[in-house]
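Engineer: Could you work out the structure for the sequence below:
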Amino acid sequence: MKQCINLFSIVVLLFLSSTIYAQSWKAHYRLAEKKEKTGEYFEAGYHYEAAYRAKSRRKIAFKAAEAYYAVKDFRRAANMYSKILDYSKHYPLVRLKYARCLKQSGQYDQAIREFVFFISHYKGSDKAAWNEVVDKEIEGCALGISYSDNSVGLLKVNHLPKAINSGDIELSPIPVSDDLLYFTSVKNGKGTFLRSSKQNNQWTPASIPANFPKIEGKHFGSGSLSADHRRFYFTECENSNGLRAKCRIFVTVRQDDSWSQPEALPDYVNWPSSTTTQPYVTSRNNKELLFFASDREGGKGGLDLWVAERDLTSKHFDFTFPQNLGEPVNTIGDEQTPFYSSDEEALYFSSNAHVSIGGQDIFKSRGYIGHFAQAENLGAPINSPADDLFFVKTESGSNGYIVSNRIFGNEKISTTDEDIFSFNFSPNQFMLSGLLLDGNHLVVKNAEVALYEENGNGELVFLTGKTSLDGAYKFPVRSNKNYVVEVQKDGFPVKEMRINTFGNSKNPKLTRDIVLTDVDAYETMVAATQATPKNTIGTSVNVAEKEIRPIEYTIGNTYKIQLAPNSIDSDLHHSKFGRIESLGKIEKNYIPARDTYWILLGDFTDYKAAVRTMAKVKNRGFSDAFIVKYHNGERIGVGK
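Structural biologist: Residues are numbered from 1 along each chain as shown. A predicted model of the protein is given here:
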């Protein structure tokens, strides 16, 4: 009888625990749904995840991942996406999203493998479109690896203190001077305009500016001061449960010690049923230029950058009809947070559709309205694996600010909120500049220029590179260092200039012109000496015991995978090379000018094939591998 009672008790307990268990996961699920409807995505993700732990259903895991992804909690999102990677039939893009979370967490090598796996197994009719997306994502991962491997930087980025970064969202920095900053702080979906000043090298607690007009029923988004500080353009936004609020641009005019009542710009600027946001205003040739972001009709896709102008002599805000900045600035993705530097004649902006090392990266495009050049990624440390926006410089140009949700040591441990960061040049830094000239001392335009620093082991570490559109180059360098400037241009051998900055700490500028020898003259010189290969920097030279021998090469563009930046004289019969010999031909090339070896795997006529093979190479133990482009056998650069 006693045994029967015990058995009955156990059954009752099991029934009650299962009932409580069912109520527990359902309660979490219902609460998650409520939080999702009200735009509280992190809380929704938390409760979906709790429900999934109690009831392992892939639908719940997907909802948790989507909620975390919405608030940019990439690590938690990746964890939940990983639960349903084998259910691509029901969630065909889940591995792509998983790969993006890995990328934005800085896990570039693993992200490359997942991007390759996704596109290799994707069966949708839109595969060609996704193929282009994946190629850019993989290229961005490779770019991120190159920055993380070469972490020697010329800029220093700092997280602003708690007087400015409150723990909520801070964005839209407006430097009035080097020691006065206006910005927006967003708490509980409500944006407030604040100011802070630097006194005795310390930022004061942020406060609302005196006499600034109150915004009733809306929230303050972002803003920009005119060059004379007399007009302030800013956005008022609807309170939104979504992640993209609808905004309009307003203007207020300074009147002695106060500001006028805000006035909305005309409807043809604030296009109906669209968002018009992130204004940046500057002046040029007696015109006031208003740059802004909008998803209005006539764009390339998502948010585009637009510009309108008016005469500075006008007493009215009668801007011209906005003009889309077009390609190569705008893409099918989102372009945001414009900043135009008149001194540089360059547009800075953020984009998630150009090749990026994170999600939103900051780019620079030289030129003017209607004539912008190809956008350049600013690289690290300005950009990070996370999202980076609102690049702006101070009037002095000595420093500036960005907004980022990056993790930053112990000061910022999550990617779920944006904070303001400052950047400035490193101490003892000055400018190295000059012209690129041919043998007749005529300017050579559109050359690729790269800067390397020699480390303590005598190895050259890549710092930065750019296309010289006007035949000039300029790099910030530091004192007491050895540098190499490398120049590549079609029709010329690759040229390097070595320079050291010892004893130049008090000299703010170093000017050195670089003369490129034309190909015919250089080949004549090579034939006469029979001792120098065609390019001692950037061109492969086959050797046996460091003896120069001719190379067989493919006509046109090809790609190779370089296994490491520099190598010692390695034995190609070593077992580690056996792991990749099935992927292509391995060759060892001696570079006399650097007294080092390049070990390469190739050749690939298709860049996409090179990218996918590189993912396999990294997976087999060569984590430093990167892609190099050749033309008619001559090395012309890294990447595509």
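
Engineer: use CA for all of it now, contacts and neighbours both
Structural biologist: OK.

Engineer: the helices in the stretch 401-550 of the chain, which residues?
Structural biologist: For the stretch 401-550 of the chain, applying DSSP state H, counting those that start in this stretch gives helices covering 519-529.

Engineer: So, low pLDDT: which residues of it?
Structural biologist: Counting by pLDDT under 70, the stretch 401-550 of the chain contains low-confidence ranges at 425-429, 504-509, 518-550.

Engineer: hmm, try it at 50
Structural biologist: Along the stretch 401-550 of the chain, the parts satisfying pLDDT under 50 run over 521-550.

Engineer: so Asp361 sits right up against Asn383, yeah?
Structural biologist: Yes. With contact defined as C-alpha atoms under 8 Å, Asp361 counts as touching Asn383 (5.7 Å).

Engineer: Name the helix or strand of this structure that has the lowest mean pLDDT.
Structural biologist: Ranking every helix and strand in the chain by mean pLDDT, DSSP states H and E puts strand 542-544 at the bottom, with a mean of 38.

Engineer: now the nearest residue to Gln199 once chain neighbours are set aside: how far from Thr282?
Structural biologist: Residue nearest to Gln199 in three dimensions, not counting chain neighbours: Asp179, with 7.7 Å by C-alpha to C-alpha, 6 or more residues apart in numbering. Look at Asp179 and Thr282: by C-alpha to C-alpha, to the nearest Å, they are 21 Å apart.

Engineer: the more surrounded of these two?
Structural biologist: Thr282 (19 against 14; other C-alpha atoms under 10 Å).

Engineer: If you drop the residues flanking it in sequence, what lies closest to that one?
Structural biologist: Leaving out its chain neighbours, the residue that sits closest to Thr282 by C-alpha to C-alpha, 6+ apart is Leu289, at 5.3 Å.

Engineer: number of nearby residues for that neighbour?
Structural biologist: A count of nearby residues for Leu289, using other C-alpha under 10 Å, gives 22.

Engineer: doesn't Asp311 make contact with it?
Structural biologist: No. Using C-alpha under 8 Å, Leu289 is not in contact with Asp311, being 9.1 Å away.

Engineer: tell me the phi and psi of Lys616?
Structural biologist: Backbone torsions of Lys616, given as degrees, to the nearest 10, read phi -70, psi -40.

Engineer: That one: neighbouring residues, count only.
Structural biologist: Using other C-alpha under 10 Å, Lys616 has 18 other residues around it.

Engineer: do the same with Phe183
Structural biologist: Using other C-alpha under 10 Å, Phe183 is surrounded by 24 other residues.

Engineer: That one: what's it in contact with?
Structural biologist: By C-alpha atoms under 8 Å, 6 or more residues apart in numbering, Phe183 lies in contact with Glu170, Leu171, Ser172, Pro173, Ile174, Phe193, Leu194, Arg195, Ser222.

Engineer: Kindly recompute the last result at 7 Å.
Structural biologist: Leu171, Ser172, Pro173, Ile174, Phe193, Leu194, Arg195 (C-alpha atoms under 7 Å, 6 or more residues apart in numbering).

Engineer: Any chance of TSV for those, columns pLDDT?
Structural biologist: TSV is the format used below for these (pLDDT from 0 to 100):
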residue	pLDDT
Leu171	94
Ser172	95
Pro173	97
Ile174	96
Phe193	92
Leu194	94
Arg195	94
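
Engineer: Which members of these occur in strands, if any?
Structural biologist: Leu171, Ser172, Pro173, Ile174, Phe193, Leu194, Arg195 (DSSP state E).

Engineer: Mind listing the residues bridging to the fourth one?
Structural biologist: Using DSSP bridges, the beta-bridge partners of Ile174 come out as Tyr182.

Engineer: neighbours around Arg284, how many?
Structural biologist: By other C-alpha under 10 Å, the residues close to Arg284 number 11.

Engineer: I'd like the distance between it and Tyr81.
Structural biologist: From Arg284 to Tyr81 the distance is 49 Å (C-alpha to C-alpha).

Engineer: Check which helices and strands the one helix or strand Tyr233 maps to sits against.
Structural biologist: Secondary structure from DSSP states H and E places Tyr233 in strand 231-237. With contacts defined as 3 or more C-alpha pairs under 7 Å, 6 or more residues apart in numbering; DSSP states H and E, the packing partners of strand 231-237 are strand 219-225, strand 247-255, strand 276-284.

Engineer: at 6 Å what do you get?
Structural biologist: Applying 3 or more C-alpha pairs under 6 Å, 6 or more residues apart in numbering; DSSP states H and E, one finds that strand 231-237 contacts strand 219-225, strand 247-255.

Engineer: Confirm that Ala129 sits in a helix.
Structural biologist: Yes. Assessed with DSSP: H, G, I helix; E, B strand; the rest coil, Ala129 lies in a helix.

Engineer: what are the ranges of the strands in the stretch 301-450 of the chain?
Structural biologist: Using DSSP state E, counting those that start in this stretch, the strands of the stretch 301-450 of the chain run over 304-311, 323-324, 335-341, 346-351, 361-368, 371-372, 376-377, 388-393, 399-404, 419-425, 429-437, 447-454.

Engineer: Could you list the residues in contact with the fifth one?
Structural biologist: Translated: strand 361-368. 345-351, 372-378, 383, 388 (C-alpha atoms under 6 Å, 6 or more residues apart in numbering).

Engineer: Correct me if wrong, but Ile627 is in a helix.
Structural biologist: No. Applying three-state DSSP, one finds Ile627 to be strand, outside a helix.

Engineer: That one against Leu563, yeah?
Structural biologist: No. With contact defined as C-alpha atoms under 6 Å, Ile627 and Leu563 do not form a contacting pair (8.8 Å).

Engineer: distance of Gln488 from Glu496?
Structural biologist: On the measure of C-alpha to C-alpha, Gln488 and Glu496 end up 9 Å apart.

Engineer: ok, how many other residues are close to Phe317?
Structural biologist: Phe317 has 16 neighbouring residues, counting by other C-alpha under 10 Å.

Engineer: and the strand holding Tyr233, how far out from the chain's middle?
Structural biologist: 27 Å (C-alpha atoms, centre = their mean, to the nearest Å).

Engineer: hmm, who's touching it?
Structural biologist: So strand 231-237 is contacted by 218-225, 246-253 (C-alpha under 6 Å, 6+ apart).

Engineer: Which two among these are spaced furthest apart?
Structural biologist: Lys246 and Val253 (23.5 Å; C-alpha to C-alpha).

Engineer: Which strand residues bridge the residue nearest the centre of the chain?
Structural biologist: Nearest residue to the geometric centre of the chain (C-alpha atoms, centre = their mean): Asp361, 2.6 Å. Asp361 has these beta-bridge partners by DSSP bridges: Ser351.

Engineer: Leu378 versus that one, what's the distance?
Structural biologist: In terms of C-alpha to C-alpha, Asp361 sits 8 Å off from Leu378.
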